[in-house]
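Colleague: Provide a 3D model corresponding to the input given below.
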Amino acid sequence: MSKIKNIKFITKKYSYKKPFHIANSFATGATNVEVEIETEEGIKGFGEASPSWRVCGETSDSVVSLLNKAKSILNGKDIERYSLIFKEMSSFIFSPSLVTAIEFAVIDALCKKNGIRVWKFLGGNKNEIETDKTVSISSVDDMVTDSIKIKREGFNIIKIKTGENLSKDIEVIEEIYRKTKGLRYIVDANTGYTPKEAICFAKKIYSKGIDISVFEQPVNRYDIESLKLVRFNSPFPVCADESVKTKYDALNLIKKEAVDYINIKLMKSGFSQALSIIELALSSNIKLMIGCMSESSVGINQSVQLACGRGVFDFCDLDSHLLIKEDKIRGDFVQNKNIIRVKP
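Modeller: Numbering: from 1, shown residues only. A predicted model of the protein is given here:
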C-alpha cells in the first residue's frame, strides 16, 4: 500500500508573450494551480490545473477553494488503487481542470513508485509527437508575420484563430497560405460563426485551392444540429472542441454524426474522462486531436504523456507553454522545435 498523506496547491501566474486573442475572448496572462501529492513513503506526484472560465466556468480561486475538500477525500487513499480515487473525483465534476491535476498527480506518484514512466504506463505507443503552433487573432499583417515566423521556427502545422470577422478571416487564410505554402493548417473559430458563415467560409477557402486539415468548433457549442449541418456542407473535416467536455457529450455528438474529429483537452474533461472519450471515438471511427488551455510545461506534460502513451491523436495542439513566459520546461519531456519527445 502507498497511502496519500498530504496534498498541496500552489498558485502560479504567467504572462503571455503577446496578448492571446480568440473569438470573443482576449487574455494577457493565466493563473494556474499546481497540485502536489505526497505519499507516506515520501513519493511525490505533480499535476497542474489551468482553469477556463469561458469553457468550464472555473477560476484559479474556485480551484484553490476546493483544497480542504480534496484533502478530506484523498488523505489516506492508496495510490495503487487509483481507480477508486478516480471514482471519488467524480464529485468534482464542476472543476475538471482540478480533476485532471489530481488524477495525473496520482498516476505520476504511482509510476514513480514502480519505476515506470507515465507514457509507458498509459501504453507506450510513441516516444515523440509533433505539435502545431497557434496564431491568435490580430491584424492581417500581424497574423501573416506570426505565421511566417512559425514556419521559420520549424513548425509544419499552424493553428489559425478566426471567428470574429468573416471577410477578414478569408483574407487572413489566403495571405497566410500564400506566404507559408506547403504547411498544414487548422482553423479554429472558437464558436464564432453562424452556421451560414461557417459554410460560406469553408466553401470560399476551398474554392481558392487552399486545404484545411481541420475546421474546429465553427459554431455555438450547444447547437449540435448546426455543427452537423456544417459538417455535411464543409469540404473540410469538422472538429468539436467546446462542444465536448464529458464522455456523454462525446457520445451525443457521435450518435448524431455531428463531427469528424473530437478535440480532447484534459482541462475541460478530466484525465479519466479523457480516456473514456478516446475509447468512444476509436470505437466509432471518429478521429482525435489533443489540445490545451493555458498550461505551463507542468500541465502540458500531462497531455504529452497521454498523447505518447495512447498514440491515437492525428493532431497535437500542445503549444501553450510556448506562448507564455516560462523560465524552463519542467515536464518529463524535451522539445526541439515542433517535436516533443518524452524522457525514456
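
Colleague: And whichever strand or helix holds His21, what's buried?
Modeller: For His21, the host element (DSSP states H and E) is strand 4-22. Neighbour counts over strand 4-22 (16 or more other C-beta atoms under 10 Å) mark Ile4, Ile7, Phe9, Tyr14, Tyr16, Phe20, His21, Ile22 as buried. In this view, the C-beta of every residue, glycine as well, is placed from N, C-alpha and C.

Colleague: Repeat that for stretch 233-250.
Modeller: Quick answer for stretch 233-250 (16+ other C-beta under 10 Å): 234, 236-247, 249-250.

Colleague: Those in strands, which ones?
Modeller: Val238, Cys239, Ala240 (DSSP state E).

Colleague: Enumerate every residue touching the first one.
Modeller: Remark: with contacts taken as C-beta atoms under 8 Å, 6 or more residues apart in numbering, Val238 is in contact with Val214, Phe215, Glu216, Pro218, Leu227, Val230, Arg231, Ala258, Val259, Asp260, Tyr261.

Colleague: Sort out which of these are in strands and list them.
Modeller: Counting by DSSP E, the contacts of Val238 place Val214, Phe215, Glu216, Tyr261 in strands.

Colleague: For these, which two are the farthest from each other?
Modeller: Based on C-beta to C-beta, the longest span within the ones in strands among the contacts of Val238 runs between Phe215 and Tyr261 and measures 9.0 Å.

Colleague: shared neighbours of the two, which are they?
Modeller: Common contacts of Phe215 and Tyr261, defined by C-beta under 8 Å, 6+ apart, comprise Pro237, Val238, Cys239.

Colleague: for the residues you listed, which one is nearest Glu197?
Modeller: The closest of those, once distances to Glu197 are taken by C-beta to C-beta, is Val238, at 13.9 Å.

Colleague: Could you measure from the spatially closest residue to that closest one that is not a sequence neighbour over to Asn338?
Modeller: Closest residue in space to Val238, ignoring its immediate chain neighbours: Arg231 at 4.1 Å, by C-beta to C-beta, 6 or more residues apart in numbering. Per C-beta to C-beta, to the nearest Å, Arg231 is found 28 Å from Asn338.

Colleague: Neighbours of Asn252, how many?
Modeller: Applying other C-beta atoms under 10 Å, we find 14 other residues in the vicinity of Asn252.

Colleague: Same question for the one 10 residues further on.
Modeller: Here the neighbour count serves as a burial measure; for Ile262 (other C-beta under 10 Å) it reads 24.

Colleague: Tell me what it is bridged to.
Modeller: Ile262 forms beta bridges with Ala240, Leu288, as assigned by DSSP bridges.

Colleague: quick one: contacts for it?
Modeller: By C-beta under 8 Å, 6+ apart, the neighbours of Ile262 are Cys239, Ala240, Val244, Ala250, Leu253, Ile277, Ala281, Ile286, Lys287, Leu288, Met289.
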